[in-house]
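Chemist: model the following, please.
(one chain, ligands or ions: 1)
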Amino acid sequence: MAEKQVPEHIGIIMDGNGRWAKKRLLPRVMGHSQGAKALDNLLNSAKGLGVKHITVYAFSTENWKRAEDEVSGIMGILREYINKYFREYADSDFRVDSIGDLSRLSPDLQRDIAQLKEASKDKTGIHLTIAMNYGGRDEIKRAVRKIAEEVKAGILQPEDITEELISAHLDSAPTPDPELIIRTSGELRTSNFLIWQGAYAEYYITDKLWPDFTIDDFKLAIDSYCKRDRRFGGRNEEKK
Ligand code: FPP
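Modeler: Numbers count the residues shown, from 1 in each chain. Next up, the predicted model:
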């Protein structure tokens, strides 16, 4: 079998922060804080591997159901890192983006994210997309509403609605679909993450808890992907 290329786009479900903290008798928010450090280390070590886009699931539409102190803890961590990336953007080559309905986030966090996106938009290094107040179904619902508005306004005809058009109305456009989605802490669920974009993604599940996930684990996931035979529903000679 021919050696496969490193995936261009990798999605990551950073699960297991709570269990990491519990094992150490620490508050859950300490697990998230350690999780953010693990992500930071990973991004710095992933340069040069050939991965162009990384999308991380930082806060889902369902995560609001968590205890108030955990939600505010995660929001605080997001703010801290977004500000850190903003302070460092001049010397860094990361492009930072977001997906999800940001309108439910605090106005200052929304402003900080918008500033960071604008400041880093021409950077040519890893394109990091942070999913915040993100749910795949919510993203599809919002895309369908936008399309419906365009049909209502006569800009589109119903027969113009193709898979490509739907993709183009998602928050993630124009980033290509992920070829690989990594999930830590052993759970075998998609949890509403990139459900449209990940239709043909390969999944890599590891028992490692997210705060313990390192660049070596990331390379193992890429190696596993490279060894797989991707068929897209056809035979392997008929790849998309
Ligand atoms: C899932 O673990 C993790 C989250 C809900 C939050 C993840 C957020 C971060 C790591 C911070 C991200 C920071 C940046 C800068 C993007 P869990 O709490 O569900 O773990 P458990 O299943 O063990 O309880």
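
Chemist: the helix or strand harbouring Val29: which residues count as buried?
Modeler: Using DSSP states H and E, the element containing Val29 is helix 28-45. Neighbour-count burial for helix 28-45, counted by 16 or more other C-beta atoms under 10 Å, picks out 28-36, 38-39, 42-43. Quick note: C-beta positions are derived from backbone N, CA and C, even for glycine.

Chemist: so does it get close to the ligand?
Modeler: Yes: using C-beta under 6 Å from any ligand atom, helix 28-45 reaches the ligand at His32, Gly35, Ala36, Leu39.

Chemist: moving C-terminal of that helix, what's the next helix or strand?
Modeler: strand 53-57.

Chemist: so that following strand versus helix 28-45, what angle?
Modeler: 180 degrees (axes from the mean of the first three to the mean of the last three C-alpha atoms, to 10 degrees).

Chemist: please save the CA atoms from strand 53-57 in CSV.
Modeler: Taking Å, rounded to 0.1, in the frame of the first residue of the first chain, the C-alpha atoms of strand 53-57 are listed here in CSV:
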residue,chain,number,x,y,z
HIS,A,53,-5.7,23.0,9.9
ILE,A,54,-6.5,21.9,13.4
THR,A,55,-10.0,22.3,14.8
VAL,A,56,-10.5,21.8,18.5
TYR,A,57,-13.7,21.3,20.4
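
Chemist: could you list the paired strands of it along with their orientation?
Modeler: strand 9-13 (parallel), strand 127-131 (parallel) (DSSP bridges).

Chemist: and the contacts of the first one?
Modeler: The set of residues that contact strand 9-13 without belonging to it, under C-beta atoms under 8 Å, 6 or more residues apart in numbering, is 51-57, 175-184, 187, 191, 193-194, 197-198, 201, 221-222.
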